[in-house]
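J.: Need a 3D model of the following:
(one chain, ligands or ions: 2)
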Amino acid sequence: MTRYREFHRRSIEAPEDFWRDEARRIHWETPFETVLDRSNPPFARWFVGGRTNLCHNAVDRHLAERAQQNALVYISTETGIERRYTYAELYAEINRMAAVMRSLGVKRGDRVLIYLPMIPEAVFAMLACARLGAIHSVVFGGFAAPSLAARIDDAKPALIVTADAGARGGKVIDYTPLVDEALARAQHKPPHVLRIDRQLAPERLNASYLVDYEPLREQFFDVHVPCEWLESNEPSYVLYTSGTTGRPKGVVRDVGGYAVALAASMEYIFEGRAGDTMFTASDIGWVVGHSYIIYAPLIAGLTTVMYEGTPIRPDGGIWWRLVEQHRINLMFTAPTALRVLKKQDPALLKKSDLSSLRTLFLAGEPLDEPTASWITDALGKPVVDNYWQTETGWPMLAIQRGVEALPQKLGSPGVPVYGYNLTLRNEQTGDVCAPGEKGVITLGYPLPPGCMSTVWGDDRRFVSTYWSSVPDQQLYSTFDWGIQDDNGYVTILGRTDDVINVAGHRLGTREIEEALSSHAAVAEVAVVGVADPLKGQVALAFVVLRDAERYAPEDARAKLEADLAATVDRQLGAIARPARVHMVAMLPKTRSGKLLRRAIAALAEGRDPGDLPTIEDASALQQVRDALTAGGKA
Ligand code: ATP
Ligand code: MG
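T.: Ligands and ions are numbered 1, 2, ... in the order given. Next comes the predicted model:
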């Protein structure tokens, strides 16, 4: 562990020296004067005075050496379209898009709201914004009108870029009516709405405010738009958090710090080298998509694979076939996707030649042990769980194989990443937890480069939301709860507001979920705490079974419930045993695959779960209601 320890120690004790060295990875049009300005905590400014541009670093800079290398490979199993763009072609497309945006009046500092499905034009649009110094705000294409309207009003864009339609699982979703409704609801009226016409929408809907992209693109076909050299701390984008726990926060990212942090992460965490191919199966609407579909792989000179479709269409072998066909070296997805694949036909994986693949990265939610073991054994390659947030922009916990290939610990995303002064703290006192003691995961000041600089338009909210939970200390709270072992490995136990208190014992919902999911019958599980007059709170479990038919008979089901209770008793003690285990066919999740525990808890306590704009499938709520009615309230 010495190499890692030494590396991490230096990044914390001498952050200026550490990051000054890392800053050499990117192009600075004007060198920075100060590595770190800590004059106004908890705000931190990195590489002050330096001028750079994200688009230049992601694209222009590679033209000398890799103009003919693929930069972007686009595959849609929804439309059957596959397209490849070399760095030279990507450069040309971004310039066209930038010229079009400029002709519509977009200038440095303006916001551009991007409401697009997974199409190459989304990449062009984001990088065109970067080129112009405009601030992109990508809104996940699956969001409905009210969520879109809220983001329009918060970001006040000068332009919206959208498409005629998106597609998911073979279903076409018309975007025009959604945009129409969002614009009607929003106070702010953007002067222009640019539409990418995929010719996919069943009806040719037209609205007077829509401007079609293609004719404008033709008009600006050969135009070159120079990069705006931005001061390192100017905003590059605003991205709203997933909204799992409440009103989404508009996370603001800088330019220089982000570029440096991503470039460094490509070596130390992802071990991605120029010329490699990386497939991040996420969405450009999420932070993983921003950082690891677009910016990091391009800044590091890789080929990035962009995929529109689900992991199971035409069948559960599609991703593995893509690995074979495109000689993919690095793959990145969320545990949800793997659980889906495991439930389908896990053997499909063996049918493809996966020899090009070096490492699989997973992030976004806890990686349960059974899934981790399955995929590690099936692939025979390192599977690297990494923990982070929209706010941080890049991993906080991971095995940093490019620093030292420490062993993986099942159920843990690993050790603190360099640059992050990550500690677990007692929620009441703020004291550092001893190894083995549960606490809130916090970060010391300053946050490393690449992390959020503020909440969009609301510096006060940045301070009050993130930096005020531990009194008298300059600490950033992740609002996640965890436990750290003697070797520094952290296990995430759930979100702080999911922690339950049973007769004075504090339990992370994740601990109970882990115990239940170790039972072979369980495919997925959510545990929530509900009020109980006697014990304060009790745990309720909602379980999706691998084979529900088998447990349909009353006696089989009763035996399973007893077995599950025994499993929890054995692993955590009777105190953690759920008061009831409910069987459901599906759990309510956000569109990014995160469990909506709060909504489940509200239903269980007979409260209104409120508006859930980010929910993937609202009928999952009905399942929970039905299960509660059938099983009787706790
Ligand atoms: P909101 O903050 O609006 O409620 P959100 O927290 O779901 O939304 P994200 O920033 O997308 O929005 O998610 C980050 C959270 O996801 C983390 O704080 C953590 O709870 C969870 N998470 C991410 N990666 C991991 C991981 N590897 N293991 C366990 N949990 C993870
Ligand atoms: Mg969050």
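
J.: switch to C-alpha atoms for all contacts and neighbour counts from now on
T.: Noted.

J.: who in the stretch 201-350 of the chain is up against ligand 1?
T.: 241-246, 248 (Cα under 6 Å from any ligand atom).

J.: Let's see that with 8 Å instead.
T.: Counting by Cα under 8 Å from any ligand atom, the stretch 201-350 of the chain comes close to ligand 1 at 240-249, 286-287.

J.: try the chain
T.: Contact residues, the chain versus ligand 1 (Cα under 8 Å from any ligand atom): 240-249, 286-287, 362-367, 385-391, 397, 412-413, 478-480, 491-495, 592, 594.

J.: secondary structure element for the residue of the chain positioned farthest from its centre?
T.: Here the centre of the chain is the reference, and by Cα atoms, centre = their mean the most remote residue is Asp555, at 41.8 Å. Asp555 belongs to helix 554-572 when assigned by DSSP states H and E.

J.: Buried among the residues of the chain next to ligand 1? Need that as a selection in PyMOL.
T.: Command for PyMOL, covering only those of the residues of the chain next to ligand 1 found buried under the criterion 16 or more other Cα atoms under 10 Å:
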select buried, resi 240+241+242+243+244+249+286+287+362+363+364+365+366+367+385+386+387+388+389+390+391+397+412+413+478+479+480+491+492+493+494+495+592+594
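
J.: Isn't Ala71 up against Tyr85?
T.: Yes. Between Ala71 and Tyr85 there is a contact at 5.8 Å, judged by Cα atoms under 8 Å.

J.: Of the two, give the one with the bigger neighbour count.
T.: Ala71 (29 against 19; other Cα atoms under 10 Å).

J.: Can you mark which positions in the one helix or strand Leu63 maps to are buried?
T.: Assigned by DSSP H and E, Leu63 belongs to helix 63-66. Residues of helix 63-66 classed as buried: 63, 66 (neighbour count, 16+ other Cα under 10 Å).

J.: Just the residues contacting that helix, thanks.
T.: 87-88, 301 (Cα atoms under 8 Å, 6 or more residues apart in numbering).

J.: Let's see that with 10 Å instead.
T.: The contact list for helix 63-66, computed with Cα atoms under 10 Å, 6 or more residues apart in numbering, reads 56, 59, 69, 86-88, 91, 274-275, 301-302.

J.: C-terminal to it, what's the next element?
T.: Following helix 63-66 in sequence order, the next helix or strand is strand 70-76 (DSSP H and E).

J.: Determine the set of other helices and strands touching that following strand.
T.: Applying 3 or more Cα pairs under 10 Å, 6 or more residues apart in numbering; DSSP states H and E, one finds that strand 70-76 makes contact with strand 82-86, helix 87-103, helix 120-132, strand 277-280, helix 296-299, strand 303-308.

J.: Mean pLDDT for the ones you listed - can I get that in CSV?
T.: CSV is the format used below for these (pLDDT from 0 to 100):
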stretch, mean pLDDT
strand 82-86, 98
helix 87-103, 98
helix 120-132, 98
strand 277-280, 98
helix 296-299, 98
strand 303-308, 98
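
J.: Next, format these as JSON lines and append distance to Ile328.
T.: Converted to JSON lines, the helices and strands packed on strand 70-76 look like this (distance: least, Cα to Cα, whole Å):
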{"stretch": "strand 82-86", "distance to Ile328": "14"}
{"stretch": "helix 87-103", "distance to Ile328": "18"}
{"stretch": "helix 120-132", "distance to Ile328": "19"}
{"stretch": "strand 277-280", "distance to Ile328": "5"}
{"stretch": "helix 296-299", "distance to Ile328": "13"}
{"stretch": "strand 303-308", "distance to Ile328": "9"}
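
J.: Show me where the stretch 351-500 of the chain has its strands.
T.: Remark: strands assigned in the stretch 351-500 of the chain by DSSP state E, counting those that start in this stretch are 359-363, 383-386, 397-398, 415-416, 422-425, 438-444, 454-455, 475-484, 490-495, 500-502.

J.: Same list (those) but as a markdown table, adding mean pLDDT.
T.: Output for those, formatted as a markdown table (pLDDT from 0 to 100):
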| stretch | mean pLDDT |
| --- | --- |
| strand 359-363 | 98 |
| strand 383-386 | 98 |
| strand 397-398 | 98 |
| strand 415-416 | 98 |
| strand 422-425 | 98 |
| strand 438-444 | 97 |
| strand 454-455 | 98 |
| strand 475-484 | 96 |
| strand 490-495 | 94 |
| strand 500-502 | 88 |
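
J.: Minimum distance to Lys189: which of those strands has it?
T.: Nearest of the strands of the stretch 351-500 of the chain to Lys189, taken as Cα to Cα: strand 454-455 at 22.0 Å.

J.: backbone phi and psi for the residue in the stretch 501-634 of the chain positioned nearest to ligand 1, please?
T.: In the stretch 501-634 of the chain, the residue that lies nearest ligand 1 is Lys594 (6.4 Å; Cα to the nearest ligand atom). Backbone torsions for Lys594, taken as degrees, to the nearest 10, come to phi -100, psi 140.

J.: same check, this time on Gly436
T.: Dihedral angles (degrees, to the nearest 10) for Gly436: phi 90, psi -10.

J.: So what's the residue count around it?
T.: By other Cα under 10 Å, neighbour count at Gly436 equals 12.

J.: what number of residues lie near the closest residue to ligand 1 within the stretch 51-200 of the chain?
T.: Residue nearest to ligand 1 within the stretch 51-200 of the chain (Cα to the nearest ligand atom): Phe140, separated by 11.8 Å. When counting by other Cα under 10 Å, one arrives at 24 neighbours for Phe140.
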